[in-house]
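J.: Make a model of this:
(2 chains)
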Amino acid sequence: MVRGGDLKINRAVCEYRGVDILSQPYRGRKDTGINHVLARKAAENDVAIEINLNTFLKTNLRYRYRIISQYRHIIELKRKYKFPLIFASNASTKYELRNPQDIFALSHCFGMTMEESFDAVSTIPEHIIEKNDKRDSFIMDGVRTI
Amino acid sequence: MISMNQKLKILPPTIRDKKRYIAFEVIFQGNLVREDIIGMILDASLYLYGACGTGKFDIWVVKLWNCSKAEYPNNSNNEKKIKGILRCRREEVDSVMAIIPTITKFRGKNVVFHTLGISGTIKSATKNFIKL
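T.: Numbering: from 1, shown residues only, chains lettered A, B, ... in the order given. A predicted model of the protein is given here:
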């Protein structure tokens, strides 16, 4: 898992198959940090893009609209290029944890459907964990030790 | 440290959001700078629609022109007239236009925003509505 924000890091991560998650590609930026080129690379290399709810919840109310706008653009790219997208709470205390039902409701504000948000919260993280369990036996694409 | 000079390659036209440009004018008794106008529009939008609604609009003030001297050469009230162009998503034009009349006060003084027209390009908005 790599924390993004810098364009060179975002690009390097999207092009590298060994990384599972690119966290917060929009960090410290006015744009989303990914475009159609990086979205296509992320989909090819099975790199998940993480949307961090902590960023949204901790941003000043006056600038929250900007975060929502960035999330919406990432979700539009996800629909077109079909890269894996996940939600993370980045919680360090119990006060920052949120119920999955609440996250589904919140993701509706970003324009996501129920199925998309369920995938982002449950199916794709599960797939990443399963992939990591088998990682040691991988040699290259299509080849693994038995 | 993240450098903000880095820019992403622009999205292809098929994925890009379709935009509309709303020409407007502001009349205010006092001085106004670009940041004041951006702040007024964003605050009004946040009050009317909240963060969730405002996030959909992709609002941005593209350009402003100071027209006080041209239209009021003998201005005694210190009244300032500024014309500008506001950018938003094509699907949200009606909602964005509803923000403009809700702005009534700024720093305790009266302020009024008038919509001059809507256009698909900055060039035609300037030519048809700003009319410099």
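J.: Which residues of chain A lie near chain B?
T.: Residues of chain A found near chain B, taking Cβ under 8 Å from any Cβ of the partner chain as the criterion, are A:5-8, A:27-38, A:61-62, A:64-69, A:71-72, A:76-77, A:80, A:109-111. Backbone N, C-alpha and C define where each C-beta goes, glycine included.
J.: ok now the host helix or strand of residue A:139, how far from the chain's centre?
T.: Per DSSP states H and E: residue A:139 is located in strand A:138-140. Here strand A:138-140 shows a centroid-to-chain-centroid distance of 24 Å under the convention Cα atoms, centre = their mean, to the nearest Å.
J.: Which strands or helices does it pack on?
T.: Applying 3 or more Cβ pairs under 8 Å, 6 or more residues apart in numbering or on different chains; DSSP states H and E, one finds that strand A:138-140 makes contact with no other helix or strand.
J.: Which strand or helix spans residue 41?
T.: This is for chain A. Under the criterion of DSSP H and E, residue A:41 resides in helix A:36-44.
J.: wrong chain, I was asking about chain B
T.: Take DSSP H and E as the rule and residue B:41 turns out to sit in helix B:34-57.
J.: Next secondary structure element downstream of the strand holding residue A:139?
T.: strand A:143-144.
J.: Which neighbours in the sheet does that following strand have, and how are they oriented?
T.: Take DSSP bridges as the rule and strand A:143-144 pairs in its sheet with strand A:138-140 (antiparallel).
J.: Run through who's touching the strand it pairs with.
T.: Where contact means Cβ atoms under 8 Å, 6 or more residues apart in numbering or on different chains, the residues beyond strand A:138-140 that reach it are A:144-145.
J.: how about that strand: buried residues?
T.: Along strand A:138-140, not one residue counts as buried under the neighbour rule (16 or more other Cβ atoms under 10 Å in any protein chain shown).
J.: Give me the below-cutoff pLDDT ranges for chain B.
T.: Scanning chain B for pLDDT under 70 picks out the ranges B:1-5, B:69-77.
J.: if we go to 90?
T.: Per-residue confidence for chain B (pLDDT under 90) gives these ranges: B:1-9, B:14-16, B:28-32, B:66-81, B:101, B:104-105, B:107-110, B:130-132.
J.: where does it come near chain A, residue by residue?
T.: Proximity of chain B to chain A (Cβ under 8 Å from any Cβ) is limited to residues B:2-4, B:6-12, B:15, B:42-43, B:45-46, B:51-52, B:54-56, B:58.
J.: Give me the neighbour count for residue A:11.
T.: Applying other Cβ atoms under 10 Å in any protein chain shown, we find 21 other residues in the vicinity of residue A:11.
J.: check which helix or strand covers it.
T.: With elements delineated by DSSP H and E, residue A:11 resides in helix A:7-15, which encompasses its position.
J.: Quick check: buried residues in that helix?
T.: Taking 16+ other Cβ under 10 Å as the basis for neighbour counts, the residues of helix A:7-15 that come out buried are A:7, A:9-11, A:13-14.
J.: What is the burial count for residue 42?
T.: Using chain A here. A total of 27 residues lie near residue A:42 under the criterion other Cβ under 10 Å.
J.: nope, chain B
T.: By other Cβ under 10 Å, neighbour count at residue B:42 equals 20.
J.: From the centroid of chain A, which residue is nearest?
T.: For chain A, residue A:50 is the residue whose C-alpha lies nearest the centre (Cα atoms, centre = their mean; 1.9 Å).
J.: which ones are touching it?
T.: Residue A:50 makes contact with A:1, A:21-24, A:85-88 under the criterion Cβ under 8 Å, 6+ apart.
J.: Over to residue A:119?
T.: Contacts of residue A:119 by Cβ under 8 Å, 6+ apart are residue A:85.
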